[in-house]
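In: 3D, please:
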Amino acid sequence: MKNSHIKLLPILMFLIANTCLAQDQFLIDKVIGKIGGETILLSDVESQYAYAAAQSNVEMGDEEMKCQLLESLIGQKLIVHHAKLDSVIVSDDEVESQLDFRINSVLRQMNGDETLFEEYYGMTTAQMRENLREDMVQQLLAERKQAELIREVNITPKEVEEFYNSIPKDSMPFLSAEVELSEIVMVPQVNEIQRLEALQEALRIRKSIVEDGESFEDLAKKYSDDTGSGSRGGDLGFASRGTFVPAFEAVAYNLEKGEISEPTESQFGFHIIEMLERRGNKLHLRHILIKPEITQADIDKVIVDLDTLKAKIEREEITFNKAVEKYSSEDAQSYNNGGRLQNPNTGKSQFETAELPPEVYFATEEIEVGELSNPLEYTSPSGETQYRIIKLNSRTKPHQASLETDYAKIQNFAKESKKNLYFMEWVNEKILETYIKIDSEYLDCPNLEEMLR
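Out: Numbering: from 1, shown residues only. Reported below is the predicted structural model:
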């Protein structure tokens, strides 16, 4: 075989979608490819093709797409074949963990209803797990082998410069304006009057259920401040330990089937919890949440506290980092990072200005690097209304990438390019020494024809 630059698409393990599409089609399966000790089935190509066509809103019959999917499968099987030859190991625990994650992700969308899962997919979760296991093993083997190959790829400053100089000047990427930000977060504290009122309301609702025989489901729909589960009668579905906050779980895991808890306080308010069913480490629960009301006086106090803290930082009576440590909410994701915000899309500290919430964008546009914003209201990932002041750590204007201003970014691009090149060289080398046979029906795919010469 001569060297071929087979096109490797990203590893697409459609898993559940594949399994179900295969069931919905009448397909006489057959082996259409052998790559070393691995095989490719006609159903592998057809199910991925049907899924990809549906996702891309293209008409069935796109042979180019089918060829690309087959090439991708050949690449995946090639990696898996050599992973096995090189004794790459994937533990049973890793496979089970990934299967749990994928199946539970689907179940959460179905409110934990395994009957609905079975009706929708035509198999139980246990059957689905068995159907997906080999695909999952192969995915993990391929990922581990690829990671092993590129782990040691490093790049020198000279290579970064050569990579930068290899880019035609008129093709140099134009980088958007970026900022780096830190925050101090304060949460309005419920005053004791409102807290006791919420507790009394929770006790009244529990009495209506336990002593007066009223429907938990009806009262959840009517009174619960958790609007998501409230609309379902408080149903939280099946969930594993670690899904809920500790205060909630400490009570829930001590309930017997059919038992209804006393009002349980968490940072969200008071919960009335009912245990519906236990399956091993998973609980099927429902709850009613009563949130104490945050008054305007509670909000005003937080804003005054933030304004006062801002003034102290500006007068250098306290450093920003010390203020984060002493005053910022420990539940804020930024707390353990000295208040520095992390971009959830990239995992880095830089934000393109277009990624910022409007209130943060306008607040930081009005201040200089090193300055603090006025207190801003925002909604935390848990849905709470909180308040914060923002510090602008750095700002770059829109510009063409250059080594002087964007070395870290260019270094990352260069390293990724080197990893890709190294991996493709490995793939093309292994193609030459690996037995590959493809059904003649697919040999009119241009890349496959070239590869098999």
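In: rest of the way, CA atoms for contacts and neighbours
Out: Noted.
In: which residue is the nearest non-sequential neighbour of Thr124?
Out: Glu118 (4.9 Å; CA to CA, 6 or more residues apart in numbering).
In: got phi/psi on that neighbour?
Out: phi -70, psi -40 (degrees, to the nearest 10).
In: I figured it hits Ala126, correct?
Out: No: in this structure, Glu118 is not within contact of Ala126 by CA atoms under 8 Å, at 10.0 Å.
In: if we can go back for a sec, number of residues surrounding the residue nearest to Thr124?
Out: Here the number of neighbours of Glu118 (other CA atoms under 10 Å) works out to 14.
In: now swap in Gln267 and tell me
Out: Gln267 has 10 nearby residues by other CA under 10 Å.
In: ramachandran angles for it?
Out: phi -70, psi -10.
In: residue boundaries of the helices in the stretch 1-150 of the chain?
Out: Here the stretch 1-150 of the chain has its helices, by DSSP state H, counting those that start in this stretch, at 16-24, 42-56, 63-85, 92-109, 114-121, 125-150.
In: tell me the most buried of the ones you listed?
Out: Stretch with highest mean neighbour count among the helices of the stretch 1-150 of the chain: helix 63-85 (a mean of 21; mean count of other CA atoms under 10 Å).
In: now do that one, average pLDDT.
Out: Mean per-residue pLDDT for helix 63-85: 87.
In: okay, domains of this protein per the record?
Out: Using automatic domain parsing, the domain ranges for the chain come out as 16-154+418-451, 175-189+295-400, 192-290.
In: what would those look like in TSV with distance to Gln411?
Out: Output for those, formatted as TSV (distance: least, CA to CA, whole Å):
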stretch	distance to Gln411
domain 16-154+418-451	10
domain 175-189+295-400	15
domain 192-290	39
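In: so which of those gets nearest Lys409?
Out: domain 175-189+295-400 (10.1 Å; CA to CA).
In: and that closest one, how far from the chain's centre?
Out: 23 Å (CA atoms, centre = their mean, to the nearest Å).
In: now stretch 84-93
Out: Worked out by CA atoms, centre = their mean, stretch 84-93 lies 26 Å from the chain centre.
In: hmm, who's touching it?
Out: 137, 140-141, 144-145 (CA atoms under 8 Å, 6 or more residues apart in numbering).
In: for Val360, see how far away Ile390 is.
Out: 8 Å (CA to CA, to the nearest Å).
In: mind listing what's buried along the helix ranked longest in the chain?
Out: Of all the elements of type helix in the chain, the one with the most residues (DSSP state H) is helix 403-433. Under the neighbour-count criterion of 16 or more other CA atoms under 10 Å, helix 403-433 has 407, 410-411, 414-416, 418-419, 423-424, 427-428, 431 buried.
In: now do stretch 303-320
Out: In stretch 303-320, counting by 16+ other CA under 10 Å, buried: 303, 306-307, 309-310, 313, 320.
In: make TSV from these and add secondary structure and distance to Glu262 to it.
Out: As requested, the buried residues of stretch 303-320 are arranged in TSV below (DSSP: H, G, I helix; E, B strand; the rest coil; distance: CA to CA, whole Å):
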residue	secondary structure	distance to Glu262
Ile303	helix	34
Leu306	helix	36
Asp307	helix	39
Leu309	helix	39
Lys310	helix	42
Ile313	helix	44
Phe320	helix	42
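In: out of those, which one sits closest to Ser166?
Out: Closest to Ser166, out of all of the buried residues of stretch 303-320 and judged by CA to CA, is Phe320, at 42.5 Å.
In: tally of neighbours for Asn254?
Out: 11.
In: the domains of the chain: which one's closest to Val160?
Out: domain 16-154+418-451 (10.0 Å).
In: thinking again about what came up before, just want the angle from the longest helix of the chain to helix 125-150.
Out: 110 degrees (axes from the mean of the first three to the mean of the last three CA atoms, to 10 degrees).
In: packing partners for the helix or strand just after helix 403-433?
Out: Per DSSP states H and E, the first helix or strand lying C-terminal to helix 403-433 is strand 436-438. Applying 3 or more CA pairs under 8 Å, 6 or more residues apart in numbering; DSSP states H and E, one finds that strand 436-438 contacts strand 31-35.
In: for the strand it packs on, packing partners?
Out: Short answer (3+ CA pairs under 8 Å, 6+ apart): strand 31-35 packs on strand 38-41, helix 63-85, strand 436-438.
In: okay, buried residues for it please.
Out: In strand 31-35, counting by 16+ other CA under 10 Å, buried: 32-35.
In: TSV for those residues, including pLDDT and distance to Ser394?
Out: Compiled in TSV, the buried residues of strand 31-35 are given as follows (pLDDT from 0 to 100; distance: CA to CA, whole Å):
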residue	pLDDT	distance to Ser394
Ile32	86	56
Gly33	88	54
Lys34	92	54
Ile35	91	51
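In: quick one: which of these is nearest Ala53?
Out: Among those, and counting by CA to CA, the member closest to Ala53 is Ile32, at 20.5 Å.
In: isn't the closest one up against Val45?
Out: No: Ile32 sits out of contact with Val45 when judged by CA under 8 Å, with a separation of 9.2 Å.
In: quick check: beta-bridge partners of Ile389?
Out: Ile389 has the following beta-bridge partners by DSSP bridges: Ile184.
In: count of residues packed around it?
Out: With other CA under 10 Å as criterion, Ile389 counts 22.
In: could you do the one 3 residues further on as well?
Out: Leu392 has 20 neighbouring residues, counting by other CA under 10 Å.
In: look at it and give its secondary structure.
Out: The assignment at Leu392 comes out as strand when based on DSSP: H, G, I helix; E, B strand; the rest coil.
In: just Glu293 next, same as before
Out: Assignment for Glu293 (three-state DSSP): coil.
In: hmm, it is touching Pro188, no?
Out: No: with contacts counted by CA under 8 Å, Glu293 stays clear of Pro188, the gap being 10.5 Å.
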